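**Q** Predicted model and sequence follow; I will ask about them next.
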Amino acid sequence: GAARIEHPDLDEPALRAQVAALAAQWEARLRPGDDARARAAALAAVLFEEAGFRTVDDLADPEALHLDSVLETRRGYCLSLTLVALAMAERLREPLHAVAAPNHVFVRWDDGRDAVDVELTRGGALADPADWRERLGDFLHDDSLYLRNLTGDELAGLLHHNLGFVELSRGRPGRALAELTRAGELAPTLPEVHRTLGVLHGEAKRWDAAVEAFERALELYPGDVDALVNLALCLHARGDAEAALEHAELALLLDPGRDRAAMLLAEWRGESEPLPPGARALDDPPEGLRPGLAAEYFVGTDLKSATLRRVDPTLDFDWRRSSPSRSVPPDGFSARWTGWFKAPVSGTYTFFIVVNDGLRLRLGEELVVDHWTSNGYSSWTGAGDAHLAAGWYPITAEYFEKRDTARLVVVAGVDSSEYPLELAQHLFHVPR
């Protein structure tokens, strides 16, 4: 039903035929007397070796959730891959169940005598439930929904929760509220439902409702660090400064690497770094922000004769011997991108550059990269560092291409993380 809403022309018989074909492949691998491990291994072999399913992490993408698109693209995340496996199991009457853990779902083959847990986001690897119990520790109480076989209603509640998250990510709060309300009716003890409701209310500045939702999430799962951080933010916005500090401190105690909690504590204790002129605090973003940078493309290398304006989601281009558009010449053009860079934590940010030909990159008043020269056939590779306090910084990137190949790649990292930033999630503009 959820897939049909997203895709009104859904071919349900074709969908059932795809599930039946996968189930037949699974059945062909089973032998009389196979134990739980063998049956689970056969399921994993069909999904990941024969059918070529792959794991993605984007929970906001509806195409990674709905059964029809997941079957078509062979791409899904924990819940959608679980739905595929359960649909196959239903055809064969295999005792497969969905099992929830914090922000995660896996499957369990369980006939009442023998049981084995299967991690579909790890290629069907077998899991030891004792590992999850140890991770949850004292937070796993008797009436917890986690780590037990889910009922049909509870699984449907998980689906409606994820649909609500998708709608919230799309900027559709009304639809998100409807999905999350339904999720709460079907799976009232799922902590994630209440946490996401808290985010929804918080974005609408309904602080009392947000606080109530986060507190309910923490009643169900006191170890939810995301809920603690968000509750601290809402309490602070409501004026409960002391309670906000307590919850941020608890979040940092549970997860010492949670940079957001550390930043909030420093800010609220008056220890935050001063921001340079033009920058803004994280909780004071510019009005009307939209993802991506405002881009202007010019005929000529002097940034004067604009011929194209658009929004670019990030700074990653390889035009080769072509150009961004028919209105832009393949040789002798320039470009300027403007907007805001979000620095989520204080630290040293490094911007790694691959460019042909020239680039200037500014954050606020600081010139981070200055390579305004032609490279000929080869690309220039370099980097620039900027120490930034957490906040919003005006960003300007200027580029020119003289002749031959045209390329620009910007990758950013911060010293508090071992992984590069997803730069598109940190670039914004205010529409004119």
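**A** Cool, the structure landed. Numbers count the residues shown, from 1 in each chain.
**Q** From here on, just use CA atoms for contacts and neighbour counts.
**A** OK.
**Q** show me where the stretch 251-400 of the chain has strands.
**A** Ranges of strands within the stretch 251-400 of the chain are 290-291, 293-299, 305-312, 316-320, 333-343, 347-356, 358-363, 366-371, 380-388, 391-401, based on DSSP state E, counting those that start in this stretch.
**Q** wait, which of these is closest to residue 236?
**A** strand 391-401 (17.7 Å; Cα to Cα).
**Q** tell me which strands and helices that closest one is in contact with?
**A** strand 333-343, strand 358-363 (3 or more Cα pairs under 8 Å, 6 or more residues apart in numbering; DSSP states H and E).
**Q** need the strands of the stretch 251-400 of the chain in TSV with distance to residue 208 and mean pLDDT, can you?
**A** What follows is the strands of the stretch 251-400 of the chain, written out as TSV (distance: least, Cα to Cα, whole Å; pLDDT from 0 to 100):
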stretch	distance to residue 208	mean pLDDT
strand 290-291	27	94
strand 293-299	35	96
strand 305-312	37	94
strand 316-320	42	91
strand 333-343	28	96
strand 347-356	33	91
strand 358-363	37	95
strand 366-371	41	94
strand 380-388	33	91
strand 391-401	26	95
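**Q** Reformat these as a markdown table; add distance to residue 253 and mean neighbour count.
**A** Formatted as a markdown table, the strands of the stretch 251-400 of the chain follow (distance: least, Cα to Cα, whole Å; neighbours: other Cα atoms under 10 Å):
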| stretch | distance to residue 253 | mean neighbour count |
| --- | --- | --- |
| strand 290-291 | 33 | 18 |
| strand 293-299 | 37 | 23 |
| strand 305-312 | 39 | 16 |
| strand 316-320 | 38 | 15 |
| strand 333-343 | 23 | 23 |
| strand 347-356 | 21 | 20 |
| strand 358-363 | 33 | 21 |
| strand 366-371 | 35 | 17 |
| strand 380-388 | 25 | 16 |
| strand 391-401 | 24 | 24 |
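**Q** Kindly state which of the ones you listed is positioned closest to residue 175.
**A** Across these, closest to residue 175 is strand 290-291 (Cα to Cα), at 20.6 Å.
**Q** contact partners of that closest one?
**A** Strand 290-291 has contacts (Cα atoms under 8 Å, 6 or more residues apart in numbering) with 313, 424, 425, 427, 428, 429, 430, 431.
**Q** cool, stretch 242-254 as well?
**A** Residues outside stretch 242-254 that contact it (Cα under 8 Å, 6+ apart) are 223, 225-226, 228-229, 231-236, 258, 261-262, 264-265, 268.
**Q** what about 7 Å?
**A** Contacts with stretch 242-254, where a contact means Cα atoms under 7 Å, 6 or more residues apart in numbering, come from 225, 228, 229, 232, 233, 235, 236, 258, 261, 262, 265.
**Q** do the same with stretch 302-309
**A** Contacts of stretch 302-309 (Cα under 7 Å, 6+ apart): 295, 296, 297, 298, 299, 327, 328, 334, 335.
**Q** any idea how far the residue most central in space within the chain lies from residue 33?
**A** With distances taken as Cα atoms, centre = their mean, residue 58 lies nearest the centre of the chain, 5.0 Å away. Residue 58 sits 39 Å away from residue 33, taking Cα to Cα, to the nearest Å as the criterion.
**Q** for residue 51, same thing?
**A** Noted for residue 51: a distance of 25 Å to residue 33, by Cα to Cα.
**Q** do the same with residue 407
**A** For residue 407, the distance to residue 33 - Cα to Cα - is 59 Å.
**Q** Of the two, which one has the most company?
**A** Legend: neighbour count by other Cα atoms under 10 Å for residue 407 and residue 33, higher for residue 407 (24 against 8).
**Q** and the helix or strand containing the more buried one, which residues are buried?
**A** Using DSSP states H and E, residue 407 sits in strand 406-414. The neighbour-count check on strand 406-414 (16 or more other Cα atoms under 10 Å) flags 406, 407, 408, 409, 410, 411, 412, 413, 414 as buried.
**Q** Who does the helix or strand just after that strand pair with, and is each partner parallel or antiparallel?
**A** For strand 406-414, the following helix or strand on the C-terminal side (DSSP H and E) is strand 427-429. When pairing is defined by DSSP bridges, strand 427-429 lines up against strand 290-291 (antiparallel), strand 333-343 (antiparallel).
**Q** ok, for residue 186, nearest residue in space, not its chain neighbours?
**A** Counting by Cα to Cα, 6 or more residues apart in numbering, residue 157 is the residue found nearest to residue 186 once chain neighbours are left out, at 4.8 Å.
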